[in-house]
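J.: the following block contains a protein sequence and its predicted model.
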Amino acid sequence: MTGFESITYIRPRFAFSVLYTPDQVLARITRRLKDSHAPVVGHVIDNHVVLDVPQRDRHYWSPQLNFRVEPDEEMPHHSMVRGLIGPRPAVWTLFMFIYFSVGATGFFVSAFGVSRWMLGEFSYLVLALPLAILIMLTAYRAGKLGERLGADQVDVLKDFVREALASNL
């Protein structure tokens, strides 16, 4: 099983093939989730699986693993597991909102400041773009810190999937 080795991005995508049909993969995941000692919680809806850290261990930066299981068109009796792992949707949405709103505001306010400057009037609004860039870099660094804080939980989620799809179950 490959695909998990290069997970170094904020919301990395992965894909790998397993020697089970999609129904078998989903049954194995469901069976592992029902185990009272399972290190993760989650749910299976049709061919989509969402895995989370248990509530007692969850913090703001806890990751979420989402994937779907499809028949592998190139190899019969195999399945393709495709998905992503990263921040929970609320965290992802917050950071995208920060990047978009600060970037757009910084651009338009600094454009207004530059137009005033071109008319011969000094305006501190030309500093809006560098300030927006500084705020976005700060948000990026906060995201990287959160990524490090959730790294151990990422490993727990990945290990759960690896163990659930191991051939000795």
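T.: Nice, thanks for sending it over.
J.: what ranges does the chain have for its helices?
T.: Using DSSP state H, the helices found in the chain span residues 22-34, 89-118, 128-149, 151-164.
J.: can the ones you listed go into TSV with extra columns for distance to Gln64, mean neighbour count and mean pLDDT?
T.: C-beta here means a position set from N, CA and C on the backbone, and glycine is covered the same way. Formatted as TSV, the helices of the chain follow (distance: least, C-beta to C-beta, whole Å; neighbours: other C-beta atoms under 10 Å; pLDDT from 0 to 100):
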stretch	distance to Gln64	mean neighbour count	mean pLDDT
helix 22-34	14	17	93
helix 89-118	7	14	92
helix 128-149	13	15	91
helix 151-164	8	17	92
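J.: okay if I get these as TSV plus distance to Trp61?
T.: As requested, the helices of the chain are exported to TSV (distance: least, C-beta to C-beta, whole Å):
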stretch	distance to Trp61
helix 22-34	23
helix 89-118	7
helix 128-149	4
helix 151-164	8
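J.: for this protein, list the residue farthest from the centre, please.
T.: The centre of the chain is farthest from one residue, Gly120, which by C-alpha atoms, centre = their mean lies 47.0 Å away.
J.: and that residue, how far from Val126?
T.: Distance, Gly120 to Val126, by C-beta to C-beta, to the nearest Å: 13 Å.
J.: ok, now Val50?
T.: Val50 is 46 Å from Val126, where distance means C-beta to C-beta.
J.: swap in Ile133?
T.: Relative to Val126, Ile133 is positioned 13 Å away (C-beta to C-beta).
J.: quick check: neighbours shared by those two?
T.: Residues touching both Ile133 and Val126 (C-beta atoms under 8 Å, 6 or more residues apart in numbering): none.
J.: ok, for the spatially most central residue of the chain, nearest residue in space, not its chain neighbours?
T.: By C-alpha atoms, centre = their mean, the mean C-alpha position of the chain lies nearest to Gly86, the distance being 2.0 Å. Closest residue to Gly86 apart from its sequence neighbours, by C-beta to C-beta, 6 or more residues apart in numbering: Arg11 at 3.5 Å.
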